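In: Next comes the sequence, and after it the predicted model I'd like to discuss.
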Amino acid sequence: MNFANLNFRKFFNIDIFVQIGDPPSQLPKKFTLNRNDNLSNIREILEKENVMSDTLLFAQKNNGLLAEIRRNGEEDCKLYNILNDNILYLVNNSNPDWKFLNKLRKLDYGRTITFNGIKISKKRAFEMKGCKVTELGAEKSKNGNDEFKSEEEWMMKTNLFFTSDINVENLVKLRITVEKSRNKTFKLETNSSYRYKEFGKASLEFSECLEPTKEFIDAVNNAIQTGDAEDFKQIIEEYGQFIPIEVILGGRAYYEGQNIRKEYSEENSRKDSVNTGAGPLGIKLGNGSIISKGILNSSKHECSKFIGGKCNENFDEKAWAKSLEDFRHWDCIEFKNPISIFQPLPEDLRKKIILSLGKRIHYSIIENAECKFEELGEPFKYELRIPSPISNIIRNKDTDCNFFATVIDAEDNTFNCQMLCPPKAKPILLIHCIQEKVKQQKCKLKIGWMVIGYYKDLNFILSDFDETQLNIIKKDLTATSNTHYREFLDFEYNSISNIVPCIGIPVLKTLDLSKISHVIGHRFFNVQEENKIGSYTFSYCLKDHNCVELPEFTFYTLIISNYYDRKAYGISPCKRGNGKRIKDIVSFARSTQLKPKYVSLILTAENNYGPIFLRQKAKKVEYIHVRCDQNSCICKMTETKENLKYSFFDPTQDNED
């Protein structure tokens, strides 16, 4: 701005008095302002002087009455248009201002469920750029009685969730699990109730109006690069588990809690500051509170509290209800539609998070089946009964789901599993019994199968966020004249740690009836000098007892880098048995219960062993070299067993009694 223009602007500068209300609610303040400035500029100047806020509007005085100037009209209105004897009037905004409410209640901050109520995060993950405000009116005012019929219901209502959905249920279950892990005999008796009075004043929805902060994006990108679940846990610690995309604001008062009883068996230190609600009945464990091997009781006269509103030391319901006519006194009285703190991120960033965290088990089950192997090499075809919700997940290409299966019975039988997945048809498990001659006996099978894939969104992090690292490598193989195939997997493990467990399964698209007695076996081996893992697949004819040409198939390798239950996976060495060629026996399970585990043979080094199959029993796993009637077959090669091991994975073992 040049000197002439500056002098021209100063020509319109005048001294005015800024007054809030008429009569004024406080002493007027004197400012020098440009009478030709529009009200938007005047607002900026007064905001810097801490005189103006989003809760105040400009007003024009006519015939002794003050008329509000709407915010959307400030750009086109000049200061001189509304001055009255050099007085600039301001009035309280009678309509809810979402910017003020957002700043006051930190609505665009993440939150975490706790035993004492919602905890607001330390750091801000998003900036709210807009909001849909719906005033609720008298229809949202109500009196009622509420009961706690379960631990889940207690936790849900303590954290101001009164409408349940899958995300709310996951959050609640997670918090209860955490409490029980901290307190060995944590117990909440649920025979309790309370009376409440509620004034729901407005609903704020902002699902499409959240813009991630630069700090949050930087933290997420760093966690993606490391691929370490601990980094994502740290993000949740700092930015919260979730953000609700709808909040009910107003006031809520509680009366007469009955028979609230909580039992603890060990020290329970609470260091988190709880910002909104200490539980429906005000039972609050403050900073650093400790309850040790005791019982916390509260009677119906001890627990009255209110959320939102304004009241003197002695609660006056009428005065409290009157104060809620001013939106400045509203507080959060209900949260709706919580989503993962990562869900509002851009789609490309969400996909990177999902990929970096690896796959998860969507479904795992053990089923019983009876069958009879009447023809040598004839498989038992078991059609997987997939629940409808899991089918929907599988059909979503982004989840990239895979099947794995295992079989065991109470008899001394050896089984081989192959998946048959024809296009646009239900998957079938092909189960072959490895035997020299058909026994024609009925088998009572225990069949375990699971579906592993990526999550289609990030709301799983609300509950299923642990150290699990499951990766699957896919290898498409065309039909070949070779009887075996060997390759190095595109995966490196840390040389400091031991080789990671691997589980494999072959998948066919079509079934050649002329080769129905052919089975595909596999094993893995350690490439020590390169910290890599190799896979070895072979084809064997059960009817002719010799290795045959490999068909067209896809081989999937499940690599278990980490799992939340460290006892559920691992690698064990095989021990030489009683000198017999057929068996080398190794102790396997911790339970006498007949339950199949996922197992694959793994060698400490690459060797030219012939075809080997694993036989699984209730308490041990055996490996067998199969007979071959072909002199030139690979199974005539070395049979040294000194470096044989096996991988195991038992994702259901933590459910054992």
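Out: Okay, I see it. Residues are numbered from 1 along each chain as shown.
In: show me where the chain has helices.
Out: Here the chain has its helices, by DSSP state H, at 3-11, 39-48, 98-105, 151-158, 166-182, 214-226, 229-239, 317-323, 347-357, 388-395.
In: Out of those, which is closest to Lys439?
Out: Lys439 lies closest to helix 388-395 among these, at 35.1 Å (CB to CB). For every residue, glycine as well, the C-beta is placed using N, CA and C.
In: Not counting the closest one itself, show me its contacts.
Out: If you take CB atoms under 8 Å, 6 or more residues apart in numbering as the criterion, helix 388-395 is touched by 362-363, 386, 399, 401, 451, 453, 456.
In: From the residues you listed, pick the one nearest Glu370.
Out: Distance to Glu370 across the contacts of helix 388-395 (CB to CB) is lowest for Ile386, with 20.7 Å.
In: need the contact list for Pro387.
Out: Contacts of Pro387 by CB under 8 Å, 6+ apart are Tyr363.
In: Tabulate the contacts of helix 388-395 in JSON lines, adding columns for neighbour count, distance to Arg124 and pLDDT.
Out: Formatted as JSON lines, those follow (neighbours: other CB atoms under 10 Å; distance: CB to CB, whole Å; pLDDT from 0 to 100):
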{"residue": "His362", "neighbour count": "19", "distance to Arg124": "33", "pLDDT": "92"}
{"residue": "Tyr363", "neighbour count": "19", "distance to Arg124": "37", "pLDDT": "94"}
{"residue": "Ile386", "neighbour count": "18", "distance to Arg124": "42", "pLDDT": "94"}
{"residue": "Thr399", "neighbour count": "20", "distance to Arg124": "32", "pLDDT": "92"}
{"residue": "Cys401", "neighbour count": "19", "distance to Arg124": "36", "pLDDT": "95"}
{"residue": "Val451", "neighbour count": "24", "distance to Arg124": "38", "pLDDT": "96"}
{"residue": "Gly453", "neighbour count": "22", "distance to Arg124": "33", "pLDDT": "94"}
{"residue": "Lys456", "neighbour count": "15", "distance to Arg124": "27", "pLDDT": "80"}
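In: Return the two entries of these that lie farthest from one another.
Out: Ile386 and Lys456, at 16.4 Å, using CB to CB across these.
In: could you pull out the strands for the stretch 1-150 of the chain?
Out: For the stretch 1-150 of the chain, the strands defined by DSSP state E, counting those that start in this stretch occupy 13-20, 29-34, 56-62, 65-68, 87-92, 111-112, 119-120, 126-128, 132-135, 141-148.
In: Would you single out the least confident of those?
Out: Lowest mean pLDDT within the strands of the stretch 1-150 of the chain: strand 141-148, a mean of 77.
In: in stretch 441-450, what's buried?
Out: Within stretch 441-450, the residues that count as buried by 16 or more other CB atoms under 10 Å are 443, 445-450.
In: Oops, could you answer that again for stretch 519-533 instead?
Out: 519-526, 532-533.
In: Assess the claim that Glu198 and Lys142 are in contact.
Out: Yes: Glu198 lies in contact with Lys142 (CB atoms under 8 Å); the separation is 5.4 Å.
In: the more surrounded of these two?
Out: Set Glu198 next to Lys142 and count neighbours by other CB atoms under 10 Å: Glu198 wins out with 20 against 11.
In: quick one: contacts for the closest residue to the more buried one other than its chain neighbours?
Out: Using CB to CB, 6 or more residues apart in numbering and skipping residues adjacent in sequence, the residue nearest Glu198 is Arg252, 4.7 Å away. Residues near Arg252 by CB under 8 Å, 6+ apart: 196-199, 306-308, 333.
In: follow-up on the earlier one: tabulate the contacts of helix 388-395 (a markdown table), appending distance to Asp54.
Out: Formatted as a markdown table, these follow (distance: CB to CB, whole Å):
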| residue | distance to Asp54 |
| --- | --- |
| His362 | 46 |
| Tyr363 | 50 |
| Ile386 | 53 |
| Thr399 | 44 |
| Cys401 | 49 |
| Val451 | 50 |
| Gly453 | 46 |
| Lys456 | 39 |
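In: so which of those residues comes closest to Ile20?
Out: Lys456 (52.3 Å).
In: how far away is the closest one from Pro244?
Out: Using CB to CB, to the nearest Å, Lys456 is found at 21 Å from Pro244.
In: Likewise for Lys140?
Out: As judged by CB to CB, Lys140 and Pro244 stand 17 Å apart.
In: which of those two has more neighbours?
Out: Pro244 (25 against 17).
In: Quick check: chain neighbours aside, which residue is closest to that one?
Out: Among residues not flanking Pro244 along the chain, Phe335 sits closest, at 4.0 Å (CB to CB, 6+ apart).
In: now, of the strands of the stretch 1-150 of the chain, which is deepest in the fold?
Out: Among the strands of the stretch 1-150 of the chain, strand 111-112 has the highest mean neighbour count (mean count of other CB atoms under 10 Å), at a mean of 24.
In: helices or strands next to it in the packing?
Out: Applying 3 or more CB pairs under 8 Å, 6 or more residues apart in numbering; DSSP states H and E, one finds that strand 111-112 contacts strand 119-120, strand 242-258.
In: Spit out the contact partners of the residue nearest to Ala479 when sequence neighbours are not counted.
Out: Nearest residue to Ala479 in three dimensions, chain neighbours excluded: Glu552, at 4.5 Å (CB to CB, 6+ apart). Under the criterion of CB under 8 Å, 6+ apart, the neighbours of Glu552 are 477-479, 508-510.
In: Distance of Glu552 relative to Leu430?
Out: 15 Å.
In: picking up where we left off before, lowest average confidence across the helices and strands packed on strand 111-112, which one?
Out: Across the helices and strands packed on strand 111-112, strand 242-258 gives the lowest mean pLDDT, at a mean of 84.
In: so who does Asn36 touch?
Out: Per CB under 8 Å, 6+ apart, neighbours of Asn36: 9, 12, 78-80.
In: Please check those and keep the buried ones.
Out: Among those, those classed as buried by 16+ other CB under 10 Å are Leu79.
In: Turn the contacts of Asn36 into TSV, including distance to Val626.
Out: TSV is the format used below for those (distance: CB to CB, whole Å):
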residue	distance to Val626
Arg9	97
Phe12	100
Lys78	95
Leu79	95
Tyr80	100
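In: From the contacts of Asn36, pick the one nearest Phe148.
Out: Leu79 (57.5 Å).
In: Understood, closing this out.
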